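give me a 3D structure for the following:
(2 chains)
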Amino acid sequence: MLFNSFDFGLFLPIVFILYWILGRKRIQGQNLLLLGASYFFYGVWDWRFLLLILASSLVDFYAATYIAKAKTQKRKRLWLYGSLSWNLGVLFVFKYYNFFLDNLKSLFELPENTFTTLDIIIPVGLSFYTFQTIGYTLDVYRKKIEPSQDLLKFLCFVSFFPQLVAGPIERASKLLPQFSKQRTFKFDKAKDGLRQVLWGLFKKIVVADNIGVAVFAIYNHPENYGSLTIIYGAFLFLFQLYADFSGYSDIAIGTAKLFGFDLSTNFKLPYLANSVTGFWQRWHITLSKWFQDYVYVPFVRWNTFNSLSKSTKKVVGLLLTMGLIGLWHGANWTYLAFGLLHGVLIILEGTTITSKGKKIKLYQWLETGVFWSKFYTVTFLVVSLIFFRASTLDKAVVMLKEIVTQNIPFYEFDLIIDKKIIFLLLMIIIEVWRKKYTHPFMNLEGVFPKIVRWSIYYFIIFAIIRYGRPQEEFIYFQF
Amino acid sequence: MIKKFLIQVCIFLIPVIIGYAIVENYTRNLPLTPKVKADFYKKYQDTIEILVLGASQNRDAINPEFLSQKTLNLAFPDQDYYVSSKLLEQLAPTLPSLKTVIIPISYGHFETAPNQKETWKNSMYRHYFGTKVSEKFTYFKDNFLYISFPNYYSAKIRDHRNGESHLDFNEFGYNNDVSTAIFQKLKYDSIVIAGQPIHITPPQPNLGFVAENAEKLEAILKYCNAHNYKVILIETPTTTRFKEQRIPEVLYRKDSIRSVVTAIYKMRYIEADSTQKYYLKDYRDDNHLSPQGAEKFTKRLNKIIE
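Predicted coordinates for the structure are as follows:
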């Protein structure tokens, strides 16, 4: 079920009313309702996905229990490896197996029928909930948290529908305890949640889906457009991706608020960053934090590579982490290229320079806002996202070439979506204006009287109905 | 507290619901081609004897006014065999007097993508004729007309309000207005028209679609034969310059399929494409007949049916 569907518009109020009216007396009742709703929400895509999420939940629930109970470090490690094998195995089979075989075949020039590829679809949100459960097991292993004693709460933690299919990827230490606390209805929190949902829907339906039309046209046939239009298309994709994914996150966080939950912030106006390093501190924050805590830091601290110098370990660790972040998005060389490009830039930005007699890292200097730093960051993002958006590396290179070798004069510019571009500008202006809040509609009471606030909401609803396109999936669902 | 919240949400939503209801009602009553045809279908359901399927070529070529039997022309732009077969299977049982089904066979029919991504037409067929013609998932919003494709219906509302609908229907939903036709805009000046680019579909061969389209055509023919409906397979006229631009390979495949199906299934095949009896003023553009051409074509068709 998509957040931007009428079906969800029916589902949400029904669950909301049942949750607060029927389940208000007992935590168990609320949790049971949430679990049922989450499984229904997920099962609507394909009921077979439920078997996988249930299996993953059970594996990690019991693995963590046995890790905590194990008397020796060896046994603990055994249970951890068991859990990791299952989770990474599932990810590999569903997401990377066919890619791996295809590349093996072309590498060794093997005949087409050497291996049997799997004819399977990737379960929606697989990478998101798998990472959440891996994080849980690792935290139990590292004794950062106690294992959950309550299967129902754990199942809710893995499948909580607002963040199940595209995050934010929550830490067990933050989300799990919320299923143990009595949730009481808070008027202001619910109101704030609804406003955030509304803003998320605007970003997704009105901004992302409409500029997506131009992006699709330009990326599919760059040869039909002049250089300036192609550059414009690349810029539009930057904003499409942001509006789509941060729109989803706003809906997820807002929905969770309606049920009394707090989810982590996933975006902090990433395109206002002055460096690539700064960008990753503002973009898909829960994913980059996850990789930092569970991949980069352990790698750098790993004794096995003690022969390497500290800085070499950091460089290798960064490249590995960013490469994996790229591949996390999907089994394609384009994603790996995207991740590695960012890795290289982050490494370069980590070099020490002297500014005003002080030794600081390059990214710290950039973040002070030297005049060209934003230009540098956005230009790099636009170029790297060409790799992210293209279906193959060759196509990404073609697109880059088209920018400089177009035979259509560069000034023959085409907006493609005409006046709808105004919505993008509107989103940018509003988000920048309200940047100190987690979403622009937060605390509007102090700014506008009720009549103006309601007029704004009505305008947003009008725009959603009038400019909504046939239901488009969220880009990050495919990951 | 929750009660107060729910009441506030309801109060907030009342204007939204009322506003949308007004727009939805306005949209449903717009004088659009499908609405006129749906009204005709509902009024004469028991006496309709001929059903016309196909794309815009059939929509423009057959004016039921000139046929002796009651005819429902359900040809709409881009209607492929997939959609035609779904319409036939779902509508034929509701037409007790149905005797003849007219199906097109045209240059582009086999090599354009069947069962395309959801368009406004899917919701249109669903809303006006109660049919489900797409394998795409039917969302709750598809029960409403305006929100099923707001861009399209907003344009229609705007045209209607500005008096720019360019519609001059007869009772059968045939549009006699030619003011937006390309040839009319070029004042039927043959020299100017000759200098214009030709829009031809498909612009290149698409072998990948042929099997599925041919299969769907066969499904239509099987259905008609099984229910003893007379089948008329028609090829509507096109201009000489259109014929010259066709890709021989695509044309060859179309003709091969036509000869196979005409040999296997009971049908009457009418080939009007090679006739020289249609002049410039008989066309709206290179492959669509004008009301004048449609009169000529339909009268000829009527003689054959009789």
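
quickly note the distance from the residue nearest to A:K314 when sequence neighbours are not counted to A:T312.
Distances taken as C-beta to C-beta, 6 or more residues apart in numbering or on different chains place A:V300 nearest to A:K314, at 6.0 Å, with adjacent residues excluded. In short, each C-beta sits where N, CA and C put it, glycine included. Going from A:V300 to A:T312 by C-beta to C-beta, to the nearest Å gives 10 Å.

who has more neighbours, those two?
A:V300 (16 against 11; other C-beta atoms under 10 Å in any protein chain shown).

tell me the contacts of the more buried one?
A:310, A:313-314, A:317 (C-beta atoms under 8 Å, 6 or more residues apart in numbering or on different chains).

narrow these to those in helices?
Among the contacts of A:V300, the residues falling in helices (DSSP state H) are A:310, A:313-314, A:317.

buried subset of those?
Among the ones in helices among the contacts of A:V300, those buried by neighbour count (16 or more other C-beta atoms under 10 Å in any protein chain shown) are A:313-314, A:317.

got TSV for these, with pLDDT too?
Below are those laid out as TSV (pLDDT from 0 to 100):
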residue	pLDDT
A:K313	88
A:K314	90
A:G317	92
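
dump those residues to CSV, plus distance to B:V83.
Formatted as CSV, those follow (distance: C-beta to C-beta, whole Å):
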residue, distance to B:V83
A:K313, 61
A:K314, 60
A:G317, 56
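
circling back: the residue nearest to A:K314 and B:L51, how far apart?
Using C-beta to C-beta, A:V300 is found at 73 Å from B:L51.

now do A:R466
Distance from A:R466 to B:L51, by C-beta to C-beta: 36 Å.

looking at these two, which is more packed in?
B:L51 (25 against 15).

mind pulling up the pLDDT for residue 64?
Let's take chain A. A:A64 carries a pLDDT value of 96.

to clarify, I was referring to chain B.
Reported pLDDT for B:P64: 96.

doesn't B:T100 make contact with it?
No. Contact criterion C-beta atoms under 8 Å: B:P64 and B:T100 do not qualify, at 11.9 Å.

shared neighbours of these two, anything?
Joint contacts of B:P64 and B:T100 (C-beta under 8 Å, 6+ apart) are B:I50.

near chain B, which residues of chain A are found?
Counting by C-beta under 8 Å from any C-beta of the partner chain, chain A comes close to chain B at A:5-7, A:9-10, A:17, A:20-21, A:185-187, A:190-191, A:194, A:454, A:457-458, A:461-462, A:465-471.

show me which positions of stretch A:69-89 end up buried.
Quick answer for stretch A:69-89 (16+ other C-beta under 10 Å): A:70, A:76, A:79-80, A:82-84, A:86-87.

run a quick neighbour tally on residue 165.
Here I'm looking at chain A. A:V165 has 26 nearby residues by other C-beta under 10 Å.

try again with chain B
Counted with other C-beta under 10 Å, B:S165 comes out at 17.

so the nearest residue to it once chain neighbours are set aside versus B:L88, what's the distance?
In space, B:S165 comes closest to B:D159 once its chain neighbours are excluded; the distance is 4.7 Å by C-beta to C-beta, 6+ apart. Going from B:D159 to B:L88 by C-beta to C-beta gives 31 Å.

more crowded one of the two?
More crowded of B:D159 and B:L88, by other C-beta under 10 Å: B:L88, with 25 against 15.

looks like that one contacts B:K222 (just checking).
No. Counting by C-beta under 8 Å, B:L88 sits too far from B:K222 to count as a contact (10.8 Å).

shaky segments in the stretch 351-479 of chain A?
A:406-412, A:470-479 (pLDDT under 70).

okay, now the residue of chain A found nearest chain B: neighbour count?
Residue nearest to chain B within chain A: A:F6 (4.0 Å; C-beta to the nearest C-beta). Neighbour count for A:F6, taken as other C-beta under 10 Å: 16.

quick one: contacts for it?
Counted by C-beta under 8 Å, 6+ apart, A:F6 has contacts B:139-141, B:147.

how far away is it from B:A38?
Taken as C-beta to C-beta, the span from A:F6 to B:A38 is 24 Å.

and the strands in chain B?
B:50-52, B:71-73, B:100-104, B:230-235, B:268-271, B:283-285, B:288-289 (DSSP state E).

stretch B:179-191: end-to-end distance?
Using C-alpha to C-alpha, to the nearest Å, the end-to-end distance of stretch B:179-191 comes out at 20 Å.

about what we covered before: between B:P64 and B:T100, tell me which one has more neighbours.
B:P64 (23 against 18).

what about the more buried one, distance to chain A?
Separation of B:P64 from chain A (C-beta to the nearest C-beta, to the nearest Å): 32 Å.

ditto for B:Q184
27 Å.

can you pull the contacts of that residue?
B:Q184 neighbours (C-beta under 8 Å, 6+ apart): B:178, B:284, B:290.

spatially nearest residue to the last one (excluding sequence neighbours)?
Nearest residue to B:S290, sequence neighbours excluded (C-beta to C-beta, 6+ apart): B:R284, at 4.9 Å.

do I have it right that the one you found meets B:F183?
Yes. Counting by C-beta under 8 Å, B:F183 is a contact partner of B:R284 at 6.1 Å.

identify the contacts common to the two.
B:S290.

and the strands in chain A, which stretches?
Going by DSSP E, chain A shows strands at A:352-355, A:358-361.

export those strands to JSON lines and tack on mean neighbour count and distance to A:R142?
Shown next, in JSON lines, are the strands of chain A (neighbours: other C-beta atoms under 10 Å in any protein chain shown; distance: least, C-beta to C-beta, whole Å):
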{"stretch": "strand A:352-355", "mean neighbour count": "11", "distance to A:R142": "31"}
{"stretch": "strand A:358-361", "mean neighbour count": "12", "distance to A:R142": "28"}
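
from the residues of chain A next to chain B, list the buried ones, please.
Buried among these (16+ other C-beta under 10 Å): A:5-7, A:20, A:185, A:190-191, A:194, A:457, A:461, A:465, A:467-471.

wait, doesn't B:F76 sit right on B:S56?
Yes. Proximity of B:F76 to B:S56 meets the contact threshold set by C-beta under 8 Å, at 7.2 Å.
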